[in-house]
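Enquirer: need coordinates for the following:
(2 chains)
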Amino acid sequence: MFAEASTVAHEALSSGWFLEHAFLIPIIPAVAFALIIFFGKKLPMKGSELGVLSMVASLVFSVGAALQWINRVNGATEEQYIDPVIRSWTWWNSGGFEFGIGQHIDGLSLTILVVVAFISSLVQIYSLEYLRGDRRYTHFFASLTLFSAGMLNMVVAENMIQLILGWEIMGLCSFLLIGHWWEDGANSRAALKAFFTTRTGDIGLLVGTSVLFFSANSWTQENLGVSGFSIRGLSAWALTGDPSHAAITVGAVALFIACIGKSGQFPLHTWLPDAMAGPTPVSSLLHSSTMVVAGVFLVARLYPVFFEGMNIFGSGVNLITLIGGITIVIAAALAFVQTDIKKVLAYSTVSQLGYMMMGLGAGAWMPAVFHIFTHAFFKACLFLAAGSISHSASHHSFEMKKDMGGLRKFMPITFTTWIISTLALCGVFPFAGFFSKDEIIDNVGHNGYTVFMVVGLVGAFLTAAYMTRATYLTFFGEPRGASAGESHDDHGDDHDTHDEHDAHASHGPHESNLLITVPLMILATLALGAGLFNATPFGESWERMTKWVEPRSVVVEDMDHAAVGETRGVPAAIAAGAEAPVGEEPHAAEGENGAHAQSVCGTSTPEKGICNAPQLQHAPFKWSKAGMSVLIVLVGMLISWLISVQMYTKKAGFFVGLTSRNKLLALGYRFLVNKYYLDHLYEKVIVHGIAHPIAKAAYWVNQNILDGIVNGAGLVARRVAGWVYRNVDQRVVDGAVNGSGAVARGTGNVLRPVQSGKVSQYGALLFAAAAVAGLVLIIVNT
Amino acid sequence: MLVNQFLILAAVLFCIGVYGVIARRNAVMVLMSIELILNSVNINFLAFALRNGSVDGHVFALYIIAVAAAEVGVGLALVLLVYRNRKSIALDELSEMKG
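Expert: From the prediction side, this is the model:
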């Protein structure tokens, strides 16, 4: 009875044109890229209009597909597995292996598609103004468009090969974009560093894909009729309970190494801050929705593989949580010693990616994916705001201490959007970051990773503190350096190319124009409101993203073995016990854990059929826990604010600092009886005694130990190379080369008279040789 | 048999062509001789296509005509440039490549 109902419901799973044609989403910008490269310079807006149009078209397609997906989910029953919309074509055949290309569209890919297309559109609009008059304007838009195309392709990818394609396109474009102003040596070095660091991780991607393919291929071919590259095949294979543990662990670790490189996790995070050398719109795109999110996305995409391979839930710690946790703290500590506003944001991104990884590692899949979603908006907004400051106020400088300060009066829109995004990043209650970051911390604790919950809370504290410091340095106090109009003359001579659009910026700081502020305002609105898409605190009806995006861990009957020959959504209990009275079991199962019926997926072998997602749990929301984390954030902000005021305001501005402190916190004022003594305490004891040593130690580890390992490896390699050079190269190889050279010279001397330089003679030789060869052929053949 | 006569014609043309390439001093004449060689090969193709009753030889002949046209274009361009530089297209004077 029940099974019948679900069968009917399954057939009614709605689809739509946009869902079926989602593969067009990456194709549009890819085509636009080719058009910009070939015809861009002849177009009235130098090709930028093609970039913007293609991104907007992708956005329309993505949103259309997302709406149709929501329809599809809403039309399904509670326990039904929502099949992803998979289409696949043969790309090429080689050695008996078939490599496919296609689309794998489900809630996860649609979430990222919408985010990527949306942020890319805004960033391109912003770049119209930011890069106006740039010498490689057309190439910039071409690379930017291809960059988005790479990310979109990776997100729709149906199999690992297609995913690697998108992954590598992004690697290439990040190189092009970071090194956009390559005339400056530092920029091209940063581009190379980014490229090589991510390439180091990419070895893991190739190894992991191969290992998984050779382990999974026979199973997927037999049971699902898809190759071992297929994402759906790999997910199902990982959850059968069959796969040998060694193979899946090796595969998962290798893939995770690639994610470490791409997403800037702990040992390989060093390229991300250097990547700030690129134009600000690039930083914004790269750090919010593309590139760095790719690693997190890969973990989320192949979650069953990581779930089984890393033994998530199985033990108190695993590689993903460990790396994520270390990254959160290390990066946040580093953000304190930066004076470049973009570097603060870069370390903040590294730290936030650590949250996502930690969440994924601890089984908090949905909060981590939701954090990708919200983080994209506010981080893009922060970067664009920083760009707006450098564009219109600080004369292309990103030095907070030297060239900024007091800008809130001159740039009200930039200031407001920055504040909203900062609050979102810190996770203050009604802003977007609260709903995602707090959920991660909450679920990590709920799933038994108590140590990492504490790490998350410490990270939240540090985030609040360093963002407050950056905000203070940028927008409060007195204008310094370029913002005060001082160093303009020094700069003006070096940057001839910038003069054109600096003509209007030469009269001190002012607000940027609409092409820059409108994207900022849109992003700030989302930084404020995006949390409502999955507002756990307001009850289950608000958990829309959980409903739409999270794959349901339902045992689905195996396609090829099912008598009907089609996938049917059957509740686990029914599939497992065919004898049990139909209709009784589901109720028993439902009673245990509210909306999510208990499923065997991820814990034991499904007896009949396959799983597509492991069974995860959601922590019940408690205001007490959320309140605690918000309190920690507010304390972090307060402390940082007080320290910043004391540290960065000199004698003249001292009383200004005092009054704002007084106004902001009457409570804190009572503790500050002796101002000078507290100045000393904050500056010397807390900052120099605690924060600076930690940050410095982290920086020292970064500089000495990590670089030492790299240098050591380099030294060893050089020694080995030297030995090889002296012995193998000089004696063996050169000997052979010289020997053959001598032989050649000898023959050359003999044959020299033949080279008369007369064409007719050459012709005669040619035909004579051909005649001799023909004769030989005839003799041999008869 | 008819095919044999085609082959003989081709062989004669080929020999004339080879003689031209080796003996003529004028670069344009050499190019024309090369055309003769190519066309003798074409005739061979057609003759064997006729004998085997297959269309492949015809297709190859068409390809060769197209390629030969391109080749003559390049060759004449070379001759033209040589003439501009040296006011002569006598091949025996072009011996800078002497080893």
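Enquirer: quick check on residue 91: phi, psi?
Expert: Because you didn't say which chain, this covers chain A. Backbone torsions of residue A:91, given as degrees, to the nearest 10, read phi -90, psi -60.
Enquirer: now do the strands in chain A.
Expert: Remark: strands assigned in chain A by DSSP state E are A:85-94, A:97-105.
Enquirer: so which bits of chain B are right by chain A?
Expert: By the rule CB under 8 Å from any CB of the partner chain, the part of chain B lying against chain A is B:18, B:21-25, B:30, B:91-92, B:94-99. Just so you know, the C-beta spots here come from the backbone N, C-alpha and C atoms, and that holds for glycine as well.
Enquirer: most tightly surrounded among the strands of chain A?
Expert: Mean neighbour count (mean count of other CB atoms under 10 Å in any protein chain shown) peaks for strand A:97-105 among the strands of chain A, with a mean of 20.
Enquirer: helices - which of the residues of chain B next to chain A land there?
Expert: Using DSSP state H, the members of the residues of chain B next to chain A that fall within helices are B:18, B:21-23, B:30.
Enquirer: nearest to residue A:406, of those?
Expert: residue B:30 (82.7 Å; CB to CB).
Enquirer: from residue B:84, how far out is the closest one?
Expert: When distance is defined by CB to CB, to the nearest Å, residue B:30 is 18 Å away from residue B:84.
Enquirer: the two: which has the busier surroundings?
Expert: residue B:30 (23 against 8; other CB atoms under 10 Å in any protein chain shown).
Enquirer: contacts only, for that one.
Expert: By CB atoms under 8 Å, 6 or more residues apart in numbering or on different chains, the contact set of residue B:30 is A:759-760, A:763, B:20-21, B:24, B:91.
Enquirer: go with 10 Å
Expert: Neighbouring residues of residue B:30 by CB atoms under 10 Å, 6 or more residues apart in numbering or on different chains: A:759-760, A:763, B:17, B:20-24, B:75, B:79, B:89, B:91.
Enquirer: next: residue B:52.
Expert: Counting by CB under 10 Å, 6+ apart, residue B:52 has contacts residue B:3.
Enquirer: what subset of the contacts of residue B:30 is buried?
Expert: For the contacts of residue B:30, a burial check counting by 16 or more other CB atoms under 10 Å in any protein chain shown picks out A:759-760, A:763, B:17, B:20-22, B:24, B:75, B:79, B:89, B:91.
Enquirer: of all those, the one with the weakest confidence?
Expert: In terms of pLDDT, residue A:759 ranks lowest among the buried ones among the contacts of residue B:30, with 77.
Enquirer: nearest residue to it other than its sequence neighbours?
Expert: Leaving aside its chain neighbours, residue A:759 sits nearest to residue B:91 (4.8 Å; criterion: CB to CB, 6 or more residues apart in numbering or on different chains).
Enquirer: what of residue A:109?
Expert: Once flanking residues are discounted, residue A:109 sits nearest to residue A:155: 5.0 Å by CB to CB, 6+ apart.
Enquirer: now residue A:357
Expert: residue A:324 (3.4 Å).
Enquirer: wait, isn't the one you found in contact with residue A:371?
Expert: No - if you go by CB atoms under 10 Å, residue A:324 and residue A:371 don't touch, sitting 11.5 Å apart.
Enquirer: which neighbours do the two have in common?
Expert: A:296, A:353, A:355-356, A:359-360, A:440.
Enquirer: hang on, residue A:439 packs against residue A:626?
Expert: Yes - using CB under 10 Å, residue A:439 is in contact with residue A:626, at 9.2 Å.
Enquirer: more neighbours: those two, which one.
Expert: Applying other CB under 10 Å to residue A:439 and residue A:626 shows that residue A:439 carries more neighbours, namely 27 against 20.
Enquirer: contacting residues around the more buried one?
Expert: Listed by CB under 10 Å, 6+ apart, the contact set of residue A:439 reads A:359, A:364, A:366-368, A:370-371, A:531, A:534-537, A:546, A:618-619, A:621, A:626.
Enquirer: and the two most separated of the residues of chain B next to chain A?
Expert: B:18 and B:96 (24.8 Å).
Enquirer: who has more neighbours, those two?
Expert: Per other CB under 10 Å, whichever of residue B:18 and residue B:96 has more neighbours is residue B:18, with 22 against 6.
Enquirer: got a list of what residue B:18 touches?
Expert: Per CB under 10 Å, 6+ apart, neighbours of residue B:18: A:763-764, A:766-768, A:770-771, B:33-34, B:36-37, B:40.
Enquirer: correction: residue A:292
Expert: A:170, A:174, A:198, A:262-265, A:269, A:272, A:275, A:286, A:346, A:349-350, A:352-353, A:356, A:379 are the contacts of residue A:292 under CB under 10 Å, 6+ apart.
Enquirer: ok, it to residue A:285 distance?
Expert: 10 Å.
Enquirer: do the same with residue A:126
Expert: Using CB to CB, residue A:126 is found at 10 Å from residue A:285.
Enquirer: who's more crowded, those two?
Expert: The neighbour comparison of residue A:126 against residue A:285 (other CB under 10 Å) goes to residue A:285, with 32 against 28.
Enquirer: and the pLDDT at the more buried one?
Expert: Taking residue A:285 on its own, its pLDDT is 87.
Enquirer: measure it to residue A:386 for me?
Expert: Distance from residue A:285 to residue A:386, by CB to CB: 14 Å.
Enquirer: and residue A:23, by the same measure?
Expert: 35 Å.
Enquirer: and residue A:134, by the same measure?
Expert: Separation of residue A:134 from residue A:386 (CB to CB): 18 Å.
Enquirer: give me the low-pLDDT residue ranges for chain A?
Expert: When residues are selected by pLDDT under 70, those of chain A lie in A:1-12, A:242-243, A:315-316, A:394-396, A:401-402, A:481-508, A:557-600, A:602-608, A:647-695.
Enquirer: got the residues of it near chain B?
Expert: Residues of chain A lying close to chain B (CB under 10 Å from any CB of the partner chain) are A:748, A:751-768, A:770-771.
Enquirer: count the residues that sit near the residue in the stretch 1-150 of chain A that chain B sits nearest to.
Expert: In the stretch 1-150 of chain A, the residue that lies nearest chain B is residue A:38 (25.2 Å; CB to the nearest CB). Residue A:38 has 11 neighbouring residues, counting by other CB under 10 Å.
Enquirer: pull the contacting residues for it.
Expert: A:47, A:142.
Enquirer: about what we covered before: comparing residue A:324 and residue A:371, which shows the higher neighbour count?
Expert: Between residue A:324 and residue A:371, counting by other CB under 10 Å, residue A:324 is the more crowded of the two (33 against 26).
Enquirer: from the contacts of residue A:439, list just the buried residues.
Expert: Taking 16+ other CB under 10 Å as the criterion, what is buried in these is A:359, A:364, A:366-368, A:370-371, A:531, A:534-536, A:546, A:618-619, A:621, A:626.
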